[in-house]
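Novice: One predicted model, sequence on top.
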Amino acid sequence: MFFDPLTVYRVSTIRKLVSQTAIYGLSQIVGRFVNYLLVPLHTALFAATDYGVNGLMYAFVTFFNVLLTYGMETAFFRFSQKSERPENVYRTAVTSLLYSSISFGILLTLLSQPVASLIGVPMHPEYVIYFAWIIAIDAFCALPFAYLRQHNKAVKFAIVKNINIFANIILNLYFLVLCPWVHQHYNLLLPLYNGQIELGFIFMANLIASLITLPLLFTEVAAMKHGAFDKKLWKEMLTYALPIMVIGFAGMINETLDRLIISYTYPTVDEGLAANGIYNANYKLSIIMTLFIQAFRYAAEPFFFNHAKQSDKRTIYAEVMNYFVAVCCLVFLVVSLYLDVFKHFINYRYWEGLHVVPILLIANIFLGMYYNLSIWYKLSDQTAKGATISLIGAGITIVFNFLLVPFLGYTGAAWATLICYASMVAICYYQGTRYYPIPYQPIRFVSYILVAIGIYLLYTYIDITTIPLLQYGLNGIIILAYVVVVFWFERRNKIVNSPE
């Protein structure tokens, strides 16, 4: 038996995607994991109500990040791939984001007090100002980061991202640990510290870290000088991008609306914010899954567009889906079977919400699958259909959150997230078979998901041992067995499907 040239090409191509994902992923994992160590600090220093405000503010950020980038990243990838003057595409996209970001920052600064009152923090208009410029800077930087991804500069991408992350961590430690310690022991106020531990210092740290990012991307920003702003091209890009913005906006509804509904559907505001704080803290326990999916997206989007002209692109996309789901299921097993270990990353006061973590992990697997499936409407320039699917998903999120949260609390929000993403996968898969058929193997990757869930359920309902170390060892054997079986099955399937 041997592999034909096309098979060899697909293998090497997928390996390249894996290597790019690994660079993005490892850098994100290192940086985010260290950043994740702030969660114990935050949950120890702040009550659930205050931590709920933190979750609420960042929920708003995700909405405005999508609004302010308005699909220009994806439009940049798409139009660069098919344009004879890609430098004009970049100049046009960057210029557009520059003006819109600055306008947004100024407008929200001027309206900080009424906006603060509207979102429920009337005593802290400075929160709105911090986030206005965090969002503006991050939105503008989206294109320079996309430029790095398109040119396969994963290492620089990772370095800049991690500088941002570590700057944020160091500044958090400065404001929340060092400054109070110096004030307590030496009665000195270090720069920017007012003598009290306040939630606003978390946001200030984030803003300063975002400002640090700007000069690090100077080369990528300066690259826009090689092109020209093309008004006609800009209109074409907006036509393509605005449905992507709708998709992203609907995605943020799916991802963050639960936090908003939880905050405002409990009998009192304090109860709602406390529940939101517990849910938000436990949501962070799915960080490994989130990091893998994010790393995959960073590598996969330019990868998919760059290979859009290859004759066997659809076969490659199908194989990528199989490997992606297999790895996601492995992450699910690692986190779920070792949840007793991961739970120590949040304060014990938040442990009552641990039961939502496996639900959210499965939901994120479906979200990652949707990102894979969505390539059909991006490559076929049918982004409006993608927007329709996302709006349906947003509707499902809204309906099920309002149905379930009043009865199940934040647990209902977790189930609503799972129902939404599973539904979007089903709809997107069906639509893809009609408009841009890709030879996916649904039985194969659905089997991986069912096996992973089955292993978790057996682990949950069958107490093999009460000795923690022995249990952890058995968990490791179970996970290793899953890896071996998947590896064997994938290898066997590749050999069987190869020509003699």
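Specialist: Alright, I've got the coordinates. Residues are numbered from 1 along each chain as shown.

Novice: looking at this protein, which helix or strand does the model trust least?
Specialist: Counting by mean pLDDT, DSSP states H and E, the chain has its least confident helix or strand at helix 5-36, which shows a mean of 56.

Novice: Return the per-residue confidence for the residue nearest to Met424 when sequence neighbours are not counted.
Specialist: In space, Met424 comes closest to Gly393 once its chain neighbours are excluded; the distance is 4.2 Å by Cβ to Cβ, 6 or more residues apart in numbering. Just so you know, the C-beta spots here come from the backbone N, C-alpha and C atoms, and that holds for glycine as well. pLDDT for Gly393: 89.

Novice: Buried by neighbour count: which residues of the host helix or strand of Gly393 qualify?
Specialist: Per DSSP states H and E: Gly393 is located in helix 383-408. By 16 or more other Cβ atoms under 10 Å, the buried positions in helix 383-408 come out as 383, 385-394, 396-398, 400-401, 404-405.

Novice: Gly227: neighbouring residues, count only.
Specialist: Using other Cβ atoms under 10 Å, Gly227 has 19 neighbouring residues.

Novice: Glu87 versus that one, what's the distance?
Specialist: Using Cβ to Cβ, to the nearest Å, Gly227 is found at 3 Å from Glu87.

Novice: ditto for Ile389
Specialist: 33 Å.

Novice: After the longest helix seen in the chain, which helix or strand is next?
Specialist: The longest helix of the chain (DSSP state H) is helix 231-265. Counting by DSSP H and E, the next helix or strand C-terminal to helix 231-265 is helix 269-283.

Novice: before we move on, the earlier item: centre of the chain to the helix holding Gly393, how far?
Specialist: Centroid separation for helix 383-408 versus its chain: 18 Å, with Cα atoms, centre = their mean, to the nearest Å.

Novice: And it, what does it pack against?
Specialist: On a contact count with 3 or more Cβ pairs under 8 Å, 6 or more residues apart in numbering; DSSP states H and E, helix 383-408 meets helix 231-265, helix 375-379, helix 410-435.

Novice: deepest of these, which one?
Specialist: Burial of the helices and strands packed on helix 383-408 is given as mean neighbour count (mean count of other Cβ atoms under 10 Å); helix 375-379 ranks first at a mean of 23.

Novice: and that helix, C-alpha only, in CSV?
Specialist: What follows is helix 375-379, C-alpha atoms only, in CSV (Å, rounded to 0.1, in the frame of the first residue of the first chain):
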residue,chain,number,x,y,z
ILE,A,375,-16.2,28.0,5.7
TRP,A,376,-18.7,27.1,3.0
TYR,A,377,-20.5,30.4,3.1
LYS,A,378,-17.2,32.4,3.4
LEU,A,379,-15.6,30.8,0.3
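
Novice: can you give me the mean pLDDT across it?
Specialist: Rounded mean pLDDT across helix 375-379 is 81.

Novice: picking up where we left off before, possible to save the helices and strands packed on helix 383-408 as a markdown table with distance to Ala154?
Specialist: Shown next, in a markdown table, are the helices and strands packed on helix 383-408 (distance: least, Cβ to Cβ, whole Å):
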| stretch | distance to Ala154 |
| --- | --- |
| helix 231-265 | 23 |
| helix 375-379 | 20 |
| helix 410-435 | 27 |
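
Novice: Which one, of the ones you listed, ends up nearest to Ala209?
Specialist: Closest to Ala209 of the helices and strands packed on helix 383-408 is helix 231-265 (Cβ to Cβ; 21.0 Å).

Novice: now the closest one: how far from the chain's centre is it?
Specialist: 14 Å.

Novice: Surely Ala132 and Ser103 touch.
Specialist: No: in this structure Ala132 lies outside contact range of Ser103 using Cβ atoms under 8 Å: 10.9 Å.

Novice: Neighbour count: those two, which is higher?
Specialist: Using other Cβ under 10 Å, the more surrounded residue of Ala132 and Ser103 is Ala132, with 22 against 12.

Novice: what about the more buried one, which helix or strand?
Specialist: For Ala132, the host element (DSSP H and E) is helix 125-150.

Novice: could you give the mean pLDDT of that helix?
Specialist: On average, helix 125-150 scores 90.

Novice: For the residue nearest to Met424, give me its contacts.
Specialist: Going by Cβ atoms under 8 Å, 6 or more residues apart in numbering, Gly393 touches Ala250, Gly251, Asn254, Cys420, Tyr421, Ser423, Met424, Ile427.

Novice: List the contacts of the fifth one.
Specialist: So the one you mean is Tyr421. So Tyr421 contacts Asn254, Ala363, Asn364, Phe366, Leu367, Tyr370, Gly393 (Cβ under 8 Å, 6+ apart).

Novice: Repeat that for the first one.
Specialist: By Cβ under 8 Å, 6+ apart, the contact set of Ala250 is Ala387, Ser390, Leu391, Gly393, Ala394.

Novice: Let's see that with 10 Å instead.
Specialist: Neighbouring residues of Ala250 by Cβ atoms under 10 Å, 6 or more residues apart in numbering: 66, 257, 386-395, 397, 420, 424.

Novice: Check those against Asn164 and report the nearest one.
Specialist: Using Cβ to Cβ, the contacts of Ala250 come closest to Asn164 at Val66, 19.2 Å.

Novice: which residues touch the closest one?
Specialist: If you count contacts by Cβ under 10 Å, 6+ apart, Val66 has them with Ala139, Ile244, Met245, Val246, Ile247, Gly248, Phe249, Ala250, Gly251, Met252, Ile253, Glu255.

Novice: same check, this time on Ile163
Specialist: Gly31, Ala209, Ile212, Thr213, Leu216.

Novice: Out of those residues, the closest to Val334 would be?
Specialist: Gly31 (19.4 Å).

Novice: Spatially nearest residue to Ala205 (excluding sequence neighbours)?
Specialist: Leu171 (3.5 Å).

Novice: wait, the one you found sits on Ile202?
Specialist: Yes: the criterion here is Cβ atoms under 10 Å, and Leu171 meets it with Ile202 at 9.2 Å.

Novice: Who has more neighbours out of those two?
Specialist: Ile202 (25 against 20).

Novice: Just the CA atoms of the host helix or strand of the more buried one, as PDB, please.
Specialist: For Ile202, the element it lies in under DSSP H and E is helix 200-216. Written as PDB, here are the backbone C-alpha positions of helix 200-216 (Å, rounded to 0.1, in the frame of the first residue of the first chain):
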ATOM      1  CA  GLY A 200     -11.700  49.400  38.500                       C
ATOM      2  CA  PHE A 201      -8.000  48.600  38.800                       C
ATOM      3  CA  ILE A 202      -8.600  45.400  36.800                       C
ATOM      4  CA  PHE A 203     -10.000  47.500  34.000                       C
ATOM      5  CA  MET A 204      -7.200  50.100  34.200                       C
ATOM      6  CA  ALA A 205      -4.600  47.300  33.900                       C
ATOM      7  CA  ASN A 206      -6.300  46.000  30.800                       C
ATOM      8  CA  LEU A 207      -6.300  49.500  29.200                       C
ATOM      9  CA  ILE A 208      -2.600  50.100  29.800                       C
ATOM     10  CA  ALA A 209      -1.800  46.600  28.400                       C
ATOM     11  CA  SER A 210      -3.800  47.500  25.300                       C
ATOM     12  CA  LEU A 211      -1.900  50.700  24.900                       C
ATOM     13  CA  ILE A 212       1.400  48.800  25.200                       C
ATOM     14  CA  THR A 213       0.300  46.600  22.200                       C
ATOM     15  CA  LEU A 214       0.100  49.600  19.800                       C
ATOM     16  CA  PRO A 215       3.800  50.300  19.300                       C
ATOM     17  CA  LEU A 216       4.600  46.600  19.100                       C
END
